[in-house]
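Okay, here's the prediction I keep looking at, along with the sequence it came from:
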Amino acid sequence: MANLISCPTCGKQISSNAISCPNCGELINAKMSKPAGAINMKDPVHFVGVVISVLVILGVIAMFIAAATSNY
């Protein structure tokens, strides 16, 4: 259950679950919220996506190196 707390900027009573003050916009629980687009490496879907992306990038780099060193 949420408690009422005072906003450190404007002093209005707000919910302790609020991310920001509805009156002045001050971030209240900024440390608890994730930035938009944050990658959670504990999530298997994100982890597999990052691994596949790294492998594709390494494959492209290897292709360029192989093409640059091959004899025509």
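On my side now, so go ahead.

Now do the strands in this structure.
Applying DSSP state E to the chain gives strands spanning 4-6, 13-15.

Can you give me the buried ones in the last one?
Spelled out, that is strand 13-15. Residues of strand 13-15 classed as buried by neighbour count (16 or more other C-beta atoms under 10 Å): Ile14. (Each C-beta comes from the backbone N, C-alpha and C, glycine too.)

What of the first one?
By neighbour count on 16+ other C-beta under 10 Å, the buried set for strand 4-6 is empty.

pLDDT averaged over stretch 53-63 - what is it?
Mean pLDDT, stretch 53-63: 97.

Which parts of the chain are helices?
Along the chain, counting by DSSP state H, helices occupy 44-69.

before we move on, back to that, make JSON lines out of the strands of the chain and add distance to Cys24.
Below are the strands of the chain laid out as JSON lines (distance: least, C-beta to C-beta, whole Å):
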{"stretch": "strand 4-6", "distance to Cys24": "12"}
{"stretch": "strand 13-15", "distance to Cys24": "10"}
